[in-house]
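1. Model the following, please.
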Amino acid sequence: MIKNRKSEVGSRNWKTPGSGKWEVGSVFNHSLLTTAYFLILTTYYLLLTTYGLPATPGTSGAQFLNIPVSARSSSLGEAYTGYGEDSGIIEYNPAGLGNIFTNELSLSHLAYFELTTLQSITITLPTRKFAFGLNGKYLNSKDTTRDIYGTDGSDFYIIDWSVMGGFAYKVTADFSLGLSVRNISQKLKDRVASGASFGLGAFTVMPRQKVSLGISVVNIGQGIRFIDERDPLPITLKMGGSWGITHKTTLLVEVIQPNDGGLKQRLGLEYHITEPFWLRFGWKINQRKFDDYTGITCGFGLRFGKFYLDYAFVPHSDLGVSHYVSTSIKFGKPLPLPKSRTEKLDEEPEPDASSKQKEEGTTEESTDTEQENQ
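-> Predicted structure coming up:
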């Protein structure tokens with residue numbers, strides 16, 4: 001029985017140790033590493049936005065890079081930087097790949113507003129010391145040319161696509177550093193532009209406290225050039241975490257600082273109602289318009305063996321709503337979980353005195369019944 005429990009490596013069924021004493025040395029090392037990396041990333045981010053290509057609010061190019069491809073992350077309000085539970089983490093924090101223990105292939109489809117669709121494919125391949133990920137996303141939107149009088153002309157398509165590779169190095173069993181590199185291409189009618197970006201991240205897990213923390217800077221690059229004008233990329237600093245309130249409920253929080261806007265907050269809540277059903281809610285606090293529910297997200301997840309299906313519903317005020325659908329399959333032999341996350345599984349709970357008395361009483365009753373029958 002214990003062996004089977006150890007072999008389970010499902011992102012929706014994360015086995016963490018029960019409550020216990022704080023391991024001061026371990027927590028201190030994690031905090032020290034995370035703090036140091038946070039300072040490095042923050043300093044680098046400030047240098048980039050100050051001396052690189054700073055952007056005024058709403059002026060960054062390649063905004064499709066900010067559109068999530070994972071239905072699970074979208075339903076949780078995109079509070080995903082500190083929740084490395086599946087392949088969707090690659091876009092938020094490449095270091096989170098170090099928290100994946102099973103090969104995974106994921107396909108996503110987004111029915112966006114205004115005749116816009118987005119497709120994505122992601123594969124993650126973890127090893128004992130490293131983890132690798134590859135993501136491709138393709139956005140297609142239709143528009144119409146208009147003359148100076150507003151008269152409609154011919155239709156044309158706006159096409160954006162990118163290919164990203166992610167890499168995570170497991171410094172310890174519960175602490176990872178990550179790097180991502182992305183190629184970006186955009187086509188507007190007969191004009192084509194391209195560019196490149198990279199991201200950095202750190203991810204740590206504290207199993208005894210059922211807490212995980214992540215920090216990343218994504219979309220770092222020189223921008224996208226159309227003709228003779230270069231648009232800055234949407235460089236973004238992200239800090240987030242998750243807390244397993246109970247074995248069925250997880251709370252997610254995140255703070256985001258883009259280079260072309262103000263500070264944003266994210267909240268998410270995931271509840272495992274029963275196998276195979278998960279219910280999810282999210283709140284993008286910077287978009288709080290309760291009259292039309294903008295900023296509130298929701299969705300659900302289903303699991304059938306190694307096959308997963310996720311759905312997200314995201315409203316956009318007057319623009320309509322978005323529907324996200326993601327399917328994924330886990331394949332291959334899973335890696336063993338770190339000892340810090342399995343040690344408690346070896347300890348079978350001792351039955352208390354009342355349980356022993358109840359068992360003894362039941363045994364005596366069954367013996368008496370057998371004797372009477374004889």
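
2. Would you mark the buried spots in the lengthiest strand in the chain?
-> Ranked by residue count, the top strand of the chain under DSSP state E comes out as strand 152-172. For strand 152-172, the neighbour count (16 or more other CB atoms under 10 Å) marks 159, 160, 161, 162, 164, 165, 166, 167, 168, 170, 171 as buried. Any C-beta I mention is one placed from the backbone N, CA and C, and that applies to glycine too.

3. Neighbouring strands - and their directions - for that strand?
-> Under the criterion DSSP bridges, strand 152-172 sits next to strand 130-146 (antiparallel), strand 175-188 (antiparallel) in its sheet.

4. just how off-centre is that strand within its chain?
-> Put simply, strand 152-172 sits 17 Å off its chain's centre (CA atoms, centre = their mean, to the nearest Å).

5. for it, what is the average pLDDT?
-> In this model, strand 152-172 has an average pLDDT of 88.

6. related to what we said a few turns ago, least confident of the strands paired with strand 152-172, on average?
-> strand 130-146 - the lowest mean pLDDT of those, at a mean of 87.

7. next one: it to chain centre, how far?
-> Relative to its chain's centre, strand 130-146 lies at 18 Å (CA atoms, centre = their mean).

8. go on, stretch 231-247?
-> 8 Å.

9. Report the buried residues of that stretch.
-> Using 16+ other CB under 10 Å as the test for burial, stretch 231-247 gives 231-244.

10. Sitting in strands, which of the residues you listed do you find?
-> Among the buried residues of stretch 231-247, the residues falling in strands (DSSP E) are 231, 236, 237, 238, 239, 240, 241, 242, 243, 244.

11. Any chance of TSV for these, columns pLDDT?
-> Formatted as TSV, these follow (pLDDT from 0 to 100):
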residue	pLDDT
231	82
236	93
237	94
238	95
239	94
240	95
241	95
242	95
243	95
244	94
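
12. Nearest to residue 220, out of those: which one, please.
-> Using CB to CB, residue 236 is the member of these that sits closest to residue 220, with 9.3 Å.

13. If we ignore the residues flanking it in sequence, what's nearest the closest one?
-> residue 258 (4.7 Å; CB to CB, 6 or more residues apart in numbering).

14. just for the chain, where's the confidence low?
-> Along the chain, segments meeting pLDDT under 70 span 1-59, 144-147, 149-153, 287-294, 318, 343-374.

15. Determine which stretch of the strands paired with strand 152-172 is the most buried.
-> strand 175-188 (a mean of 20; mean count of other CB atoms under 10 Å).

16. Show me the two of the ones in strands among the buried residues of stretch 231-247 that sit farthest apart.
-> Spatial extent of those (CB to CB) is set by the pair 231 and 244 at 40.7 Å.

17. coming back round to it: redo the strands paired with strand 152-172 as a markdown table? Include distance to residue 278.
-> Listed next are the strands paired with strand 152-172 as a markdown table, based on distance: least, CB to CB, whole Å:
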| stretch | distance to residue 278 |
| --- | --- |
| strand 130-146 | 22 |
| strand 175-188 | 25 |
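
18. Relative to residue 209, which of those strands is closest?
-> Closest to residue 209 of these, according to CB to CB: strand 175-188, at 14.3 Å.

19. what's the angle from the following helix or strand past that closest one to strand 175-188?
-> Next helix or strand after strand 175-188 toward the C-terminus (DSSP states H and E): strand 191-206. Following axes from the mean of the first three to the mean of the last three CA atoms, to 10 degrees, one obtains 160 degrees for the angle between strand 191-206 and strand 175-188.

20. Please point out which parts of strand 191-206 sit buried.
-> So for strand 191-206, counting by 16+ other CB under 10 Å, buried means 193, 195, 197, 198, 199, 200, 201, 202, 203, 204, 205, 206.

21. among these, which two are most distant?
-> Longest distance between any two of the buried residues of strand 191-206 is 43.1 Å, between 193 and 206; criterion CB to CB.

22. Quick check, residue 258 in contact with residue 233.
-> No. The pair residue 258 / residue 233 is not scored as a contact, 10.4 Å apart, by CB atoms under 8 Å.
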